[in-house]
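Student: From the sequence below, what's the structure:
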Amino acid sequence: MRSETRKSFSVLLCRDCCCGTDRKHPDFDHAAQRRELEDVIRKAGGKLHIVKCIDACSYSNVAVIRRHNGEKIWLGGLAQVETHVELCQFLASDVFQPLTPLLEDCRFEPTLESQIAEVKCDSRRIPVHES
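Tutor: Purely as a prediction, here's the structure:
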């Protein structure tokens, strides 16, 4: 039981505004990213939520890792093969370890507006998909 609690986490993946669109990132396979993240996160005991927008568009292709202890890690610039692969490896190994140097470079502090939008994902139940 303790290991299940320890592995409890979820990831919000921003889509449908500018993140994850061919319009903004035409050379990145967004569908493959979503499929791979769904698979990795499910196998690691977490949940993936696809959300419409969390108001962090300047970081484009944003994910928020929500750890069971309430910690939230905001990552941006994930529309690159290297960062996507690193994120998948991190989520598969142990999401409660410190970020790798490459992911630490993707980490950012969200604005108050982004934090409000992220909280509203729960209160308004706007995830459009859950794996």
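
Student: Find the centremost residue of this structure, please.
Tutor: The residue lying closest to the centre of the chain (Cα atoms, centre = their mean) is residue 63, at 2.5 Å.

Student: residues touching that residue, list them.
Tutor: For residue 63, the contact set (Cβ atoms under 8 Å, 6 or more residues apart in numbering) comprises 11-14, 37, 74-75, 78, 87. All C-beta atoms are positioned from the backbone trio N, CA, C, and that covers glycine.

Student: let's go with 6 Å and repeat that
Tutor: Residue 63 is in contact with 11, 13, 75, 78, counting by Cβ atoms under 6 Å, 6 or more residues apart in numbering.

Student: between the residues you listed, which is nearest residue 68?
Tutor: If you rank the contacts of residue 63 by distance to residue 68 using Cβ to Cβ, residue 11 comes first, at 12.6 Å.
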